[in-house]
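# Sequence plus the predicted model coming up.
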Amino acid sequence: MDEAPGQCSAAYTPGVTHASTADRGRFITIEGPEGAGKTTQASRLETYLRAREVPVVATREPGGTALGERIRGLVLAPTGVPIDPLADAFLFNAARRQLVGEVIEPALAAGTTVICARFADSTRAYQGSGGGLSLDDLRRLEEIATDGLEPDLTILLDVPVEVGLARKAPADRTRFETSYDLAFHRRVRDGFLRMAVAEPGRFVVLDATAPADAIATRIERAVGRLLGFTRVPSEPKRPETRIPR
Ligand code: TMP
């Protein structure tokens, strides 16, 4: 039945609810500064999981939905006009909200593993550490956009900024490569590394200057441990500590 004008309760996107069942899928993000190889490694991981018949969805930020891809076009296009980092943060979080509601949360609820190239840590690193916004403000925005969804595992592909930036072909350079200096990108890298130190249980930090095959193997090991299909080597026994009298 049609609702009378003014009494409409239409929802434009599905609400985000976190199922609390044991068969919920796992949420894996791949983060890092420019030119770290996230896209390559996300796609290799997807292939690896598919070969093991793990139901998987691979997506990216900003993007992954029709709205998100349009926002991606807006935020990445080189422009001569400076953009306020807070305006950026809202745009990235708008794309994130749509992605979480339309793709990530339904997949996780259906037991599917989700691989996402970049997620909220990128806003903290770029608009927070790089752009100078308060991390507390960004966390509040993020909480609203994601309903508190956090990755189960974050692979941080770490690369010195000069190395990463040099990997980008001129035609692939976005606003973040053309409008921001080395100091900005160094703050971004440091921001990621600080997050990894603060949350050692979530982050696995890998040297992204290593050969792609070696990085892929390390990612497979970390993901295998998360999904429970790799034997986790037991901790080496610590030598007994003698307390000196
Ligand atoms: P990428 O897909 O090549 O990683 O490009 C995305 C760009 O957008 C990259 O320069 C990082 C930037 N970015 C932010 O500044 N904040 C964000 O929240 C996200 C997701 C990306």
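Yep, it's here.
# all helices of this protein, in order?
Defined through DSSP state H, the helices belonging to the chain, from first to last, are 38-51, 66-76, 85-99, 105-109, 120-123, 135-146, 161-167, 175-178, 182-198, 212-227.
# so where's the chain uncertain?
Counting by pLDDT under 70, the chain shows low-confidence ranges at 1-22, 230-245.
# Just name the most buried of the helices of the chain.
With neighbours defined by mean count of other C-beta atoms under 10 Å, none of the helices of the chain is more surrounded on average than helix 120-123, at a mean of 26. C-betas here are computed from N, CA, C, even on glycine.
# Which neighbouring elements make contact with that one?
The contact analysis (3 or more C-beta pairs under 8 Å, 6 or more residues apart in numbering; DSSP states H and E) places helix 120-123 against strand 27-31, helix 85-99, helix 135-146.
# just the residues of this structure that are near the ligand, which are they?
34, 61-62, 76, 92, 118, 122-123, 126-127, 174, 176 (C-beta under 6 Å from any ligand atom).
# Which of the residues you listed sits closest to Ser134?
Nearest to Ser134 among the residues of the chain next to the ligand, counting by C-beta to C-beta, is Gln127 at 10.1 Å.
# could you list every residue that touches that closest one?
Applying C-beta atoms under 8 Å, 6 or more residues apart in numbering to Gln127 gives the contacts 85-86, 88-89, 92, 133, 138.
# again, only using 10 Å
Residues in contact with Gln127, defined by C-beta atoms under 10 Å, 6 or more residues apart in numbering, are 84-93, 133, 135, 137-138, 141, 188, 191.
# Looks like Arg60 contacts Glu31 (just checking).
No - in this structure Arg60 lies outside contact range of Glu31 using C-beta atoms under 10 Å: 11.6 Å.
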